[in-house]
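Need coordinates for the following:
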Amino acid sequence: MLTVKNKAEKLVLSMHGIENDPNFYMSIDNAKKCALVAIDEILGLVDEESLYFEYWDEVKEEIEKM
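As a prediction, the model looks like this:
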């Protein structure tokens, strides 16, 4: 599993360029918003007591700091 910071960066960058699709581009601010929406969806599916919840919650915090 990637570190929290690496996962946050990778997720935002993948939203930013949608995996380098030349026909699609999104601003970094919008990419962060999309990444946060995706993480909120994940957090809604994961048990709050699990390590996965903690991991994704920390990824969310890292994106919010970007």
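
Tell me where the chain has helices.
For the chain, the helices defined by DSSP state H cover 4-17, 28-45, 51-65.

Can you add mean neighbour count and mean pLDDT and give those helices back as CSV?
C-beta: built from backbone N, CA, C; applies to glycine. Below are the helices of the chain laid out as CSV (neighbours: other C-beta atoms under 10 Å; pLDDT from 0 to 100):
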stretch, mean neighbour count, mean pLDDT
helix 4-17, 17, 91
helix 28-45, 14, 95
helix 51-65, 16, 96
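
Would you confirm that residue 2 contacts residue 10?
Yes: under the criterion of C-beta atoms under 8 Å, residue 2 makes contact with residue 10 at 6.6 Å.

what about residue 55, distance to residue 17?
24 Å (C-beta to C-beta, to the nearest Å).

which residues touch residue 45?
If a contact means C-beta atoms under 8 Å, 6 or more residues apart in numbering, then residue 45 has no contacts.

Identify the residue spatially nearest to residue 27, adjacent ones excluded.
Distances taken as C-beta to C-beta, 6 or more residues apart in numbering place residue 16 nearest to residue 27, at 7.7 Å, with adjacent residues excluded.

who's in contact with the one you found?
By C-beta under 8 Å, 6+ apart, residue 16 lies in contact with 25-28, 31.

Please apply the same query to residue 13.
When contacts are counted by C-beta under 8 Å, 6+ apart, residue 13 is found next to residue 31.
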